[in-house]
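1. 3D model of this:
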Amino acid sequence: MRQFDEYFSTEISKTLFHYTSISALTGIAETKSLWASNVYFMNDSAEITHACDLLEHVLDSNFISGDLVAEEIEFIRQFREWLGWYRHTRYNIFVFSLSEEPSLLSQWRSYTPHGKGVSIGFSSAFLKTISQSSNLKIAKCLYKKSEKEDVLHSLVEKLLDTFRRDKPISDISKAHPSQCYHPFLENFRQDVLQVLTIIKHPAFEEEREWRLISPYYAVYTVPSIKFRQGASMLVPYIEFLLGESKPYFEKVILGPSPHQNLSMNALSMFLRNQKLCQTTENCSIPYREW
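-> Predicted structure coming up:
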C-alpha cells in the first residue's frame, strides 16, 4: 500500500488537457489566470458522496479487524460519525480538472458548448510550476475499487498513527465524550477533503482525469472565493495566476464546429497574437449538432 502523501506527489510525464469554451480561453488570456471550481458543484452529481460511501466501508472494516484497542475503536466510531458532515455541508475546496485525453467526444459533449469548444494542453513542467507557486496539489483521479480502497486505508492509517502518538497530550475534557475526538479530526479536514476529491465513480473512467486541488478554506467569506454563473446556479471558484512568462499552453485543439476552417484560422491567429502557444490542432471528429 502506498503512503498517503505519495498520492499527491505523482510525477506528471505527459501533457494534460482542459476542455472549455472559446470564451473561457479568451478570459484566461485577459486575466492571466485559471479558475478552480468548488468540488461540490461539479457535474458529477455523486461527487464526494461516492467517496464517503467507500470511506465508511473502510472505517467499518477497521472495526472488525480485531487489532484496535477500545480507545481506537471509539476514535474510528467518531471518525465515521464526523464524516457524515461531508454529505450535507458544502466545504470550500476547489479543483481544476485536466484529462490525459486530448480529444475525446464525450468530453466535447459534456464540457464544451456546441461549436465553441477547445481543449487546452498544459505541459507537465508548466503544471508543476503552477502547482508549486499557487500552493496546489496535483493528483490523478482513481476509478478502480482497489486503488480507491488503498488511498482510503492510507488516510485512515495516517490518522490512527497520529492519534496514537498524540493521545497522551490531547485534551478531550472540553467536549462531550461521544464527540471528544472531533476537535482532533478537525485538524485533518483538509487531508480528508483532498482525498475525497480524487475518488471518482467508475462511470467517468474514460475521462482519465487529473486534478489541481486547492487547500481547504475554513470560511467562504475570504476575498479569494468568488462566484460565477453556472448552467443552473452560481458556482464558487478561486483564481490562481499563471504569471507573465508565456506561452502558457503547449497546444490548443479546436473542437467540432459548424465553420471548422474559419474557426481554426481565427483561433490560430488569436493564440499567436496573444503569445499563448504556437501549436493549434483540429480535433477532426465528424460530429454535428446544429
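
2. can you pull out the helices in this protein?
-> Assigned by DSSP state H, the chain shows helices spanning 22-31, 49-63, 70-83, 85-88, 105-111, 124-133, 145-166, 182-186, 189-196, 260-273.

3. what angle do the second one and helix 70-83 make?
-> Between the axes of helix 49-63 and helix 70-83, defined by axes from the mean of the first three to the mean of the last three Cα atoms, to 10 degrees, the angle is 170 degrees.

4. Give me the distance from helix 49-63 to the chain's centre.
-> 20 Å (Cα atoms, centre = their mean, to the nearest Å).

5. so which of the helices of the chain comes closest to Phe240?
-> Closest to Phe240 of the helices of the chain is helix 124-133 (Cβ to Cβ; 6.8 Å). C-betas here are computed from N, CA, C, even on glycine.

6. what helices or strands is the closest one leaning on?
-> If you count contacts as 3 or more Cβ pairs under 8 Å, 6 or more residues apart in numbering; DSSP states H and E, helix 124-133 packs onto strand 137-140, strand 209-213.

7. Now distance to Glu157 too, for those strands, in a markdown table please.
-> Formatted as a markdown table, the helices and strands packed on helix 124-133 follow (distance: least, Cβ to Cβ, whole Å):
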| stretch | distance to Glu157 |
| --- | --- |
| strand 137-140 | 18 |
| strand 209-213 | 21 |
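
8. Looking at these, which is nearest to Ile198?
-> Nearest to Ile198 among the helices and strands packed on helix 124-133 is strand 137-140; the distance by Cβ to Cβ comes to 4.8 Å.

9. strands paired with that closest one, and their directions?
-> Sheet pairing here is set by DSSP bridges, and for strand 137-140 it gives strand 209-213 (antiparallel).

10. Which strands or helices does the strand ranked longest in the chain pack on?
-> In the chain, with assignment by DSSP state E, the single longest strand is strand 234-241. If contacts are counted by 3+ Cβ pairs under 8 Å, 6+ apart, strand 234-241 sits against strand 33-38, strand 94-99, strand 226-229.

11. ok, 10 Å please
-> strand 33-38, strand 94-99, helix 124-133, strand 226-229 (3 or more Cβ pairs under 10 Å, 6 or more residues apart in numbering; DSSP states H and E).

12. Next, the angle strand 209-213 makes with the second one.
-> Between strand 94-99 and strand 209-213, the angle formed by their directions is 150 degrees, by the same axes, to 10 degrees.

13. Looking at the helices of the chain, which is nearest to Thr15?
-> When the helices of the chain are compared by Cβ to Cβ, helix 124-133 sits nearest Thr15, at 6.9 Å.

14. picking up where we left off before, can you say which of the helices and strands packed on strand 234-241 is packed in most?
-> strand 94-99 (a mean of 24; mean count of other Cβ atoms under 10 Å).

15. how much does it deviate in direction from strand 33-38?
-> Using the same axes, to 10 degrees: strand 94-99 against strand 33-38 is 110 degrees.

16. so what secondary structure elements neighbour strand 94-99?
-> For strand 94-99, the elements it packs on are strand 16-21, strand 33-38, helix 105-111, strand 117-122, helix 124-133, strand 137-140, strand 209-213, strand 234-241, judged by 3+ Cβ pairs under 10 Å, 6+ apart.

17. so how far is the fifth one from its chain's centroid?
-> On the basis of Cα atoms, centre = their mean, the separation between the geometric centre of helix 124-133 and that of its chain is 15 Å.

18. okay, stretch 184-192 in CSV with CA atoms only?
-> Taking C-alpha atoms only, stretch 184-192 is exported to CSV below (Å, rounded to 0.1, in the frame of the first residue of the first chain):
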residue,chain,number,x,y,z
PHE,A,184,-8.6,16.2,16.7
LEU,A,185,-10.3,15.2,13.5
GLU,A,186,-10.8,18.9,12.5
ASN,A,187,-7.1,19.2,12.1
PHE,A,188,-7.4,16.7,9.2
ARG,A,189,-10.3,18.3,7.4
GLN,A,190,-8.0,19.3,4.5
ASP,A,191,-6.4,15.9,4.2
VAL,A,192,-9.8,14.1,4.1
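
19. Can you mark which positions in that stretch are buried?
-> 184-185, 188-192 (16 or more other Cβ atoms under 10 Å).

20. Which residues does that stretch contact?
-> Residues lying outside stretch 184-192 but in contact with it, judged by Cβ atoms under 10 Å, 6 or more residues apart in numbering, are 4-5, 8, 51-52, 55, 75, 78-79, 81-83, 85-86, 91, 93, 137, 152, 155-156, 158-159, 162-163, 166-167, 170-172, 175, 179, 195, 213-218.
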